[in-house]
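A.B. asks: Just a sequence and a predicted model for now, questions to come.
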Amino acid sequence: MAKYGREEVLEFHKGGKVGVRLTRPLATSDDLCLAYTPGVAHAVKEIAANDEAKFDYTAKSNLVAVVSDGTAILGLGDLGAAASIPVMEGKAVLFKAFGGVDAWPVPLNHCRIGGENTGKTDPKRVIEAVKMIAPQYGGINLEDIAAPACFEIEDTLDRELDIPVFHDDQWGTAVITTAGVMNYALLKGKPMDALKVVVNGAGAAGTRIADMLKAAGVKDLVMFNSKGVLTPSTQGLSKYTQTHVRADVDPAMTRGEALKGADVFIGVSKANVLSAADVQGMDGFPAIFAMANPDPEIAPEVVAEALAGRKYVMVTGRSDYPNQINNVLCFPFLFRGALDCRATTINTAMKVAAANALAALAREKVPEEVQSLYPNEKLEFGTGYIIPKPFDKRLKDVVPAAVAKAARESGVARK
């Protein structure tokens with residue numbers, strides 16, 4: 001944040017970042033009669049007679065609720081629903097600017113075990129609240145809800161609602177990371193099912209990255225949390241993370257030992273947990289996805305020195321280095337595709353399709369207008385460019401189309 005001072009940021013946010021725009025004129029008495037009484041009664045009757053008409057005669061078909069209880073705001077932690085609003089507004093801005101999707105912040109109070117802003121998330125309260133407001137929306141984007149409650153909330157809402165439900169903190173990073181690993185595998189000439197992967201961080205993002213990579217073909221994956229490698233003896237794991245325990249590894253195995261000969265390191269944990277020796281022990285052409293923010297698991301400068309003379313891929317979550325994993329590459333376009341075909345869910349096939357589309361776009365020649373936005377980078381497919389840039393306007397064409405196609409082929413599209 002050194003580049004952007006407190007006063008400058010607060011001035012930018014003053015008055016909020018979102019508002020209501022009218023999609024129809026309201027300048028005459030006729031407009032008023034059409035928009036409200038008596039004309040609106042016709043739209044009411046159409047929906048009452050045919051539930052699917054709600055997509056045609058309301059804003060529902062292009063409106064997403066950005067829902068949070070404020071228990072895991074960015075890297076700031078549990079600061080409550082009101083404090084989450086600037087982030088939820090920011091998410092709504094990105095939905096609109098990149099995907100053309102209308103989105104609205106929905107901060108939830110009174111969804112805690114123990115009180116308004118105390119205690120952990122009560123999944124049942126969040127689920128009930130979202131179900132109550134769901135009729136207005138074509139999709140639900142869950143945001144900044146702490147694990148493990150976020151898993152139950154997403155799964156239950158996805159099962160009980162007939163609109164897409166997507167927790168970006170779980171799946172956004174996972175989709176983009178999978179795209180990056182796909183392109184790394186291509187550069188290396190090694191199939192996904194032959195890669196050896198080590199994941200550090202077993203929270204929402206790490207768990208779903210492992211899920212996505214396995215869905216894309218990875219078979220050899222070892223996961224670590226703050227206590228060590230995940231084995232059947234590891235305590236306190238959610239049922240979602242338990243699917244990634246390994247019975248065939250030594251419970252005393254260190255990260256450095258796991259990285260011996262590994263192709264890919266994926267970090268969604270904390271700063272400086274890897275050493276130069278750790279990455280030097282990896283395969284001859286490794287990929288290091290160090291995505292902790294604001295400081296990665298190992299600094300790119302340390303990797304460059306440790307692997308001098310070797311070919312490697314370096315990925316972070318920061319915009320000041322190449323190969324940034326930025327969730328804006330995923331959620332606006334994934335929802336755009338889901339809304340366009342009126343999908344009832346966002347399933348694994350749609351997420352893998354999004355990852356494939358992102359990976360394929362990075363292999364295309366980059367338009368000059370995109371390259372001009374990044375004068376210090378050479379945007380040409382290779383180790384320094386395996387993931388598209390957010391301002392590539394082609395994203396809005398290729399990713400939603402791939403997602404909608406996967407929805408139709410998997411039988412979850414209404415049209």
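C.D. replies: The structure has been received and is ready for your questions. Numbers count the residues shown, from 1 in each chain.
A.B. asks: Tell me the confidence at the most centrally placed residue in the chain?
C.D. replies: Central residue of the chain (Cα atoms, centre = their mean): G172, 1.4 Å from the mean position. In the predicted model, G172 carries a pLDDT score of 95.
A.B. asks: if I read this right, it contacts N327, doesn't it?
C.D. replies: Yes - when contacts are counted by Cβ atoms under 8 Å, G172 is listed as touching N327 (3.6 Å). No exception for glycine: its C-beta is placed from N, CA and C like everyone else's.
A.B. asks: ok so, going back, got the contact list for the residue nearest to the centre of the chain?
C.D. replies: 327, 330-331 (Cβ atoms under 8 Å, 6 or more residues apart in numbering).
A.B. asks: Okay, and it sits in which element?
C.D. replies: helix 168-188 (DSSP states H and E).
A.B. asks: Convert the C-alpha atoms of that helix to CSV, please.
C.D. replies: Presented in CSV, the C-alpha positions along helix 168-188 are these (Å, rounded to 0.1, in the frame of the first residue of the first chain):
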residue,chain,number,x,y,z
ASP,A,168,-14.5,-17.0,-4.9
ASP,A,169,-12.0,-17.5,-2.1
GLN,A,170,-12.3,-21.2,-2.6
TRP,A,171,-12.5,-21.5,-6.4
GLY,A,172,-11.3,-18.3,-8.1
THR,A,173,-7.6,-18.9,-7.2
ALA,A,174,-8.1,-22.6,-7.9
VAL,A,175,-9.3,-22.0,-11.5
ILE,A,176,-6.5,-19.6,-12.4
THR,A,177,-3.8,-21.7,-10.7
THR,A,178,-5.0,-24.8,-12.7
ALA,A,179,-4.7,-22.8,-15.9
GLY,A,180,-1.2,-21.8,-15.0
VAL,A,181,-0.2,-25.4,-14.2
MET,A,182,-1.7,-26.6,-17.4
ASN,A,183,0.5,-24.2,-19.4
TYR,A,184,3.5,-25.0,-17.3
ALA,A,185,3.0,-28.7,-18.1
LEU,A,186,2.7,-27.9,-21.8
LEU,A,187,6.0,-25.9,-21.7
LYS,A,188,7.6,-28.7,-19.9
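A.B. asks: Which SSE is immediately downstream of it?
C.D. replies: Heading C-terminal from helix 168-188 (DSSP H and E), you reach strand 196-200.
A.B. asks: What's the first helix or strand after that next one?
C.D. replies: Note on strand 196-200: by DSSP H and E, the next helix or strand toward the C-terminus is helix 204-215.
A.B. asks: pLDDT of that following helix, averaged?
C.D. replies: The predicted model gives helix 204-215 an average pLDDT of 96.
A.B. asks: Provide the strand pairings for the helix or strand just after it, with the direction of each partner.
C.D. replies: Helices and strands here follow DSSP H and E; after helix 204-215, the next one along the chain is strand 220-225. Using DSSP bridges, the strands paired with strand 220-225 in its sheet are strand 196-200 (parallel), strand 228-229 (antiparallel).
A.B. asks: Which stretch among the ones you listed is buried most, on average?
C.D. replies: strand 196-200 (a mean of 25; mean count of other Cβ atoms under 10 Å).
A.B. asks: Mind checking which of the contacts of G172 are in strands?
C.D. replies: Applying DSSP state E to those, no entry is found in strands.
A.B. asks: Rebuild those residues as a markdown table, extending it with pLDDT and neighbour count.
C.D. replies: Conversion of the contacts of G172 to a markdown table gives the following (pLDDT from 0 to 100; neighbours: other Cβ atoms under 10 Å):
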| residue | pLDDT | neighbour count |
| --- | --- | --- |
| N327 | 95 | 20 |
| C330 | 97 | 28 |
| F331 | 98 | 29 |
